[in-house]
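Colleague: Fold the following for me, if possible:
(chains A, B and C)
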Amino acid sequence: MSETARVSLTLNGEPRTVEIGAGRTLLDTLRWELDLTGTKECCAAGECGACTVYLDGEAVNSCLVLAAEADGREVTTIEGLGSGGRLSRLQEAFLETGAIQCGFCIPGMVVAADALLRETPRPTLDEVLQGLSGNLCRCGGYTRICAAVLRAAGAADVTG
Amino acid sequence: MHGFAFVAPTAQAEVTGLLEEHGSEARLLAGGTDLVVGLRTGAIRPRVVVDLKRVAELRPGLSDAGGRLAISATTPLSRVVRDGRVRQWFPALAEAAATVGSIQIRNRATLAGNICNASPAADTVPALLVYGAEVVIAGRAGERRLPLDRFLLGPRRTALGRDELVTSIELARPGAGTFAAFGRLTRRRGVDLATISVCCSVDAAGVTRFAFGAVAPTPFLVADESGVLADPDADPETKDRVLAELTGLARPISDVRGSREYRQAMLMVVSRRLLRSVVDGRGKG
Amino acid sequence: MIGTSARRVGGVERVTGRQRFTGDVRLAGMLHVKLVTLDCARARIAAVDTGAASGVPGVRAILTAADLPRPIPRYGPTYRDRPVLAVGETKFHGEPVAAVVAETEEAAEEAAGLVRVACEELPAVLTVASALDPSAPLVQDPELRPDDLLGRTNIRREWHFGWGDVAAAGADCVVDEVYTFPMVTHFAIEPHAFIAAPDRDGLIIWSSIQHPYLLQAAIAEVVGLPLSKVRVFAPDPGGAFGGKQHAKFEPLLAFLALRTGRPVRLALTLEETFQAVRRSAFEIRVRSGFRSDGTIAFHDTECNALMGAYADIAPRVIAKSGYLICGPYRVPDARIVVRALLSHTTPATAFRGFGTPQVAWAIESQMDEAARRLGVDRLEIRLKNLARRGDEVVPGDRPADGDWAEAVSRAAAAIGWGSPLALGRGRGIAVAIKASATTGASYAIVRLHHDGSVTVMAGTSDMGQGARTVLAQVAGQELGVPLERIAIVMGDTGSVPFDLQTSASRSTVFMGTAVLNACREVRRQLAEIARELFGLAEGEVVVEPGIVRAPGLELRYEELLAQAWGPVRGELIGTGVRRGEHVPAHPLGGPPAFYEFNCTAVELEVDRETGEMLVLRHVSVADVGRALNPAHVEVQDEGAAVMGLGHTLMEHLLLDEHGRIRNLGALDYRIPTTKDLPLELRSLLVENGDGPGPYGAKGAGEGGLLAVAPAVASAVAEATGAVIRDLPLTPERVWQAVEALGRGGRPDPPAA
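Modeller: Numbering: from 1, shown residues only, chains lettered A, B, ... in the order given. So this is what the prediction gives:
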């Protein structure tokens, strides 16, 4: 049995194939083999959400997925959100509400929020708090991030 | 991460074959939320990792037949939480499963994985114990079933043989008049490992069952068959005496999540509260 | 432009994942570094066997102390006490004994695991008590400080501040208590990352550093190069909070780059950052005297602060703690003793609040205790003693520079102080001041291009506080240029002029002033050009933002430059400086440029049976002089509030008997999540335009966490009657305190 794996996946809509060590996580593979550094590494234990990506349409911590598991699957990263170089409504909302500080948690936060809105297009504040509870931010205290998600969902302007 | 081979068999027989060949040097991968952390830290150093998610017999899903619900080994917890049958028939399991990690974790982690990881603090286990879950096990010799309390042997230890894997968890639909609830205590309100967890049910016959997590080497089940706990009119002091006897069977330890004394005391507090809500629900139901 | 909530400069990059943090930098031929550490805090290193590790394919070098110059190069912002690698013995858990360099991270990690270190564990100093014990082992070799009378103790420094005569001060009520504040860690979401690369006859360093110029100096010193040959690139840090102020492993990487001749990279794991940075733990005894009406008579304080094995910047943090321990009050007599103690633990460093949260915890809790004993309202006792504008807080130093009572009144009103409380609930209110930056120099260059667009070169690090945005707003305001036509260049010591540091909420005041001055210099040059071009006299030309006016003349900057320069073109270069000079006689090296004042008020509910708490409302009021970008100031303040709730409710590093961190990593070191937010969190700003920065701004962004712990503990005491003097207020600790009351434990009078 080989300790390397050949992985073919659809990454942000494009077919890609990589040869990697079987122990390589999806996170490392994205950042080092596929040159997509938008997805961030912090805790490497599934606690912080900085590495959140879509795997077959569901938000997952890419630090807890072996890249080999993604063979034949669809992966969407922060780089794959928005369209044609335009920001998504959610990304715009993050800018408008002042939700961004250092920005290191933001790619994972945006993907998690995007997933939340796909599942629950009109979330309540409680649903937003619940949906983002797997994403740590140390700068900003979360309130504006939640406001951004509600704004993107078309809710009333809650930033005051 | 040290080197290992990754295989993704498509048939269950291949899995048992790999297990027979590699024994403890093979590790099964369902959601990976515990395994991949262990691989990173080096706490787990297998020679081969076997991904179960492409095995035809183990496709994710929940199915019910003859009043039994079967949850396949690769079903992520987020699906368990969302499933209408789980929410209706096993609401305490839905509650418990919803407390496991974040949504990102629940999109990967499985019920079977939560059981096989055999953590004393596994959140779903108390609920599964209260509902009398059975573990369906496959090996070279065929299939066998074990009640969950006999499957769990100790921290990180299960009754799985060298060539065996869990293929599904089965739950018998509780009889009418059974009410249950799940509760836990954590260090913060957000995602956290349980300091203690408790599941409580009262059935139509007035038998009260408790399962306690994070207070013994494995979560364990106790019952009051006297009917005192289920009786809404019973004297609170008598109830407390019965509860104290049941929670007194716990053997909590002190660790970074809480002291032995706190755990023991909280077991009583949470149990009392859960019992009240279950008995109230039953009264209304 | 000033006073508007402009969008964050760099926001688009951050929301799309295009922002390049240090860990995202990829260089051709880059090697990877893994540290070799031991499984305990303190051990004698007998031998290091790299044989097996060298055999791992891809390994290019393994460095031990034996491969470094002798005496071993040492570095550190306060004392040069930290060796590049452990020499002789390790002094804290996680201190590297060797470093492996390999072609891949995997190879480096595998080889690091194969380095065999023969060692013997030695007893370690892990607590304040053991650090003060004369029979305890010495953390640092006395040879490192031969002329120091304390050289044969673990007291690295001791300060005595004070005024008046505490011994002679009378009081109607004396409160004498001990408070503890544990070790906590920064937990920036970006773990520290470093790259070093040879560059002809010099070195280039990339680091997620707050102070690139101090890093440049540290590297130049350890490797013996002139500053001009060390270039530091400092990509915007992904959160820093003080933990990224000073050199950590960059000196080691510099030696590795020189040794291998290739770029070398080290990205710490989160666990390794826990072993790299933390806040000093404090034990504070305070004896306070009060008059019967609540007036403070004196504070007599003794702070024992537990630093780590190397001083880093902790002694300065600890000195600042002590200096302003009496808080924003008029205190007639004070005696202040502060000790910076060495221990075999993670080197403590700066952490948002710079020593103030620890002392505010003690002093504000004393105010509550006095209020309870005297039957005075807790708000009242604060207002009674609070320094009014112009009052001295430390005699002879900068007097109170804000309307602090206004901030307190607004917080009290917002929390509904005095209105009826539901059962099980309590309110708390607390105040604090932090001494801002004292000394320091900031230089800026502003370049007005011939098309009227502007480049600002400023050595500040934008670590999330929004320095790029606010400096762009200053330039935009002064030169009448929209933000989208302004570029901010930061993070390159090779091209951007000197800035001492990004800390102490100084950048808006110091660098903001430097940028403002540079813009005004550009405007002077524009006036001169206009006078020469049109033959006008002094006073006939007025340069306004974006427009040059003279009698019968109104030109945009680019129009004037086009007329003056024609096809040859050019640019105007303005330089600006803001310096705060060193004052040797001042205990802090100079008076604070301003005080950062905050009042925090909370209302919460306690579950007496479990000790769990729910913060219902949290109000933070900051005196910011003027908010140049209100949204950014508020979000900073909210973030500080939540960070404050972290150390108040859940954060603490727990050590085992070997000095290892038991809750090493995100699984068991808990910080607040979305679900831990107060149900309502409000940030209010007091703006009186009375700061020393541009347009009357003061620094901001640290205040929100200074007073959280005492405010919360005060509310817990009101809700339960239980007074807690040790942090964090975990459910278990609150439960224990409530239980102790029930058992007739120490009877604390109910909250006033």
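Colleague: what sits against residue 81?
Modeller: Picked chain A for this. A:88, A:90, A:91, A:110, A:111, A:114, C:16 (C-beta atoms under 8 Å, 6 or more residues apart in numbering or on different chains). Using the backbone N, CA and C atoms, a C-beta is placed for each residue, glycine as well.
Colleague: You answered for a different chain; I wanted chain C.
Modeller: C:74, C:140, C:144, C:310, C:311.
Colleague: Give me the PyMOL select line for those residues, limited to the buried ones.
Modeller: Buried residues within these, by 16 or more other C-beta atoms under 10 Å in any protein chain shown, are selected in PyMOL with:
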select buried, chain C and resi 74+140+310+311
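Colleague: Go through the contacts of residue C:81 and name the one with the lowest pLDDT.
Modeller: Summarising pLDDT for the contacts of residue C:81: the lowest-scoring member is residue C:144, with 92.
Colleague: doesn't residue C:196 fall inside a strand?
Modeller: Yes - counting by DSSP: H, G, I helix; E, B strand; the rest coil, one finds residue C:196 located in a strand.
Colleague: quick one: it from chain A, how far?
Modeller: Distance of residue C:196 to chain A, computed by C-beta to the nearest C-beta, to the nearest Å: 19 Å.
Colleague: ok, now residue C:305?
Modeller: Taking C-beta to the nearest C-beta, one finds residue C:305 at 23 Å from chain A.
Colleague: same deal with residue B:269?
Modeller: As judged by C-beta to the nearest C-beta, residue B:269 and chain A stand 24 Å apart.
Colleague: Now for the contacts of residue A:81: which two are most distant?
Modeller: A:114 and C:16 (12.6 Å; C-beta to C-beta).
Colleague: picking that back up, please produce TSV containing the contacts of residue A:81, extended by distance to chain B and secondary structure.
Modeller: TSV is the format used below for the contacts of residue A:81 (distance: C-beta to the nearest C-beta, whole Å; DSSP: H, G, I helix; E, B strand; the rest coil):
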residue	distance to chain B	secondary structure
A:88	19	coil
A:90	16	helix
A:91	19	helix
A:110	13	helix
A:111	9	helix
A:114	12	helix
C:16	20	helix
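Colleague: Tell me the most packed of the residues you listed, by neighbour count.
Modeller: residue A:110 (32 neighbours; other C-beta atoms under 10 Å in any protein chain shown).
Colleague: was I right about that residue contacting residue C:11?
Modeller: No - using C-beta atoms under 8 Å, residue A:110 is not in contact with residue C:11; the gap is 11.8 Å.
Colleague: shared neighbours of those two, anything?
Modeller: With C-beta under 8 Å, 6+ apart, residue A:110 and residue C:11 have common neighbours residue A:94.
Colleague: Nearest to chain C: which residue in chain A?
Modeller: residue A:38 (2.0 Å; C-beta to the nearest C-beta).
Colleague: Disregarding flanking residues, what is the spatial nearest neighbour of the residue in the stretch 351-500 of chain C positioned nearest to chain A?
Modeller: Using C-beta to the nearest C-beta, the closest approach of the stretch 351-500 of chain C to chain A is made by residue C:464 at 3.1 Å. Counting by C-beta to C-beta, 6 or more residues apart in numbering or on different chains, residue A:102 is the residue found nearest to residue C:464 once chain neighbours are left out, at 3.1 Å.
Colleague: One more: residue C:545?
Modeller: residue C:480 (3.2 Å).
Colleague: gap between the one you found and residue A:88?
Modeller: Distance of residue C:480 to residue A:88, computed by C-beta to C-beta, to the nearest Å: 33 Å.
Colleague: Can you tell me which of the contacts of residue A:81 is nearest residue C:269?
Modeller: residue A:111 (22.1 Å).
Colleague: Please tell me I have it right and the closest one contacts residue A:50.
Modeller: No - counting by C-beta under 8 Å, residue A:111 does not reach residue A:50; the two are 10.0 Å apart.
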